[in-house]
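> Got a predicted structure here, sequence first:
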Amino acid sequence: MLVRVYLETPLDERNRADAIIALTAILDDPSARVRRVMAEGLADAPAAPPVVIRALAEDQADIAAIILSRSPVLRESELVDIVGGGYERARVAIATRPQVSVGLAAAIAEVGGPEACVALLDNPGASVTMTALRRMVDRHRHDATVRNALLERSELPVTLRQKLIDGLSDALGELVAFHDWMPPERAKKVMADARDRAVIDLAMTCEGARLRSLVDMLVSERRMTPALMIRALCLGNVQFVEEALSILSGTPVKRVLALLDDHSGRGLAALYRRAKLPAASLPALRAVVAVLREDAPDGSLRGQVRMGQRMLERALTLHQSFTKGEVDEFFALIGRLAAEAAREEARSEAGGYFRAA
């Protein structure tokens, strides 16, 4: 009743001052129910007494959350201070406010836990910049709920999506190691293969500047390998390889296209050397490019799978004929890719029978 009188009744200066004193005194009421009712009554009021609002914002968690999530009396600087020195439930409450400014969102992204970051990402009234998204990816990419919330944002750049995929791969690797489901070296290879498959799957959804930014990130992190390029070619993603060779060699994409179109193979060899890629892998890359040039896929999944299998079989033939020792590990990977391609062909031939079963 006192809150209603204060908010709804015209009061002169003296009576208003007395009402504020009374409300301030009620802050000491030992009953949390009383303080909670007062918080509910004042939470949305722009004219609520600042001294009372600030005290309620420091009350026990469930009472403070009412004020932190709604009160227009609290200034941004005060909210940022609470985010920096407060507890996670307070950050969650602040993240759900009807309007969250750029600076406040940045503070939550910088120090908030997964729950606060998800609340921020789910809030349509929050102004979340790309810098804040990047911080959340850096800090929480191993958390499934944060990953899912981030991936739902259409504006998330492909480079940050790739970092989230890496976070998922790391989490799966830790899970496998914790349960001792396979030997460490085997688990490492399985996770590396899975990460590379995810990279190419992501690249298949990109084109133009988005694809180049993804490739540029992979190059800068020294993750662009001949095996990754061969995997892309086997799925018909020639543009991925063109962009990779362009960035690695410092050659314009148009020039890369001309060199790849050289049937003698000398253009690819020159480009490959300029890119400073392992010399032992050149024959395999040349083989898959030759298959692509001879018989482009017809656009169907089955045609794509068969072409990829032919590429890998050609690469393995070269391995058996010309390479020894130190590149065996690379060609062991090529062998695994060939096995994957064979399984994909079997799946396409089966017409989804086993998935249906």
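Thanks, I have it. Numbering: from 1, shown residues only.
> What is the neighbour count of R139?
One way to gauge burial is a neighbour count; for R139, by other Cβ atoms under 10 Å, it gives 17. Glycine gets a C-beta too; all of them are placed from N, C-alpha and C.
> name the element it belongs to?
Element membership of R139, judged by DSSP states H and E, is helix 130-140.
> Using neighbour counts, pick out the buried residues of stretch 9-20.
Neighbour-count burial for stretch 9-20, counted by 16 or more other Cβ atoms under 10 Å, picks out A19, I20.
> quick one: contacts of it?
L2, V5, Y6, P49, V51, V52 (Cβ atoms under 8 Å, 6 or more residues apart in numbering).
> follow-up on the earlier one: quick one: mean pLDDT over the helix holding R139.
Per-residue confidence for helix 130-140 averages out to 93 on the pLDDT scale.
> could the contacts of stretch 9-20 go into JSON lines alongside neighbour count and distance to D28?
Conversion of these to JSON lines gives the following (neighbours: other Cβ atoms under 10 Å; distance: Cβ to Cβ, whole Å):
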{"residue": "L2", "neighbour count": "12", "distance to D28": "14"}
{"residue": "V5", "neighbour count": "13", "distance to D28": "20"}
{"residue": "Y6", "neighbour count": "23", "distance to D28": "18"}
{"residue": "P49", "neighbour count": "19", "distance to D28": "15"}
{"residue": "V51", "neighbour count": "13", "distance to D28": "13"}
{"residue": "V52", "neighbour count": "21", "distance to D28": "12"}
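> Sitting in helices, which of those residues do you find?
L2, V5, Y6, V51, V52 (DSSP state H).
> can you pull the pLDDT of the first one?
For L2, the model assigns a pLDDT of 86.
> residues in contact with it?
L2 makes contact with A19, A22, L23, I26 under the criterion Cβ under 8 Å, 6+ apart.
> tell me the mean pLDDT over the strand or helix carrying the first one?
Right, A19. Following DSSP H and E, one finds A19 within helix 13-26. The average pLDDT for helix 13-26 rounds to 89.
> Can you find the helix or strand of this protein with the lowest average pLDDT?
The helix or strand with the lowest mean pLDDT-type score in the chain, counting by mean pLDDT, DSSP states H and E, is helix 353-356 (a mean of 51).
> This completes my enquiry, with thanks.
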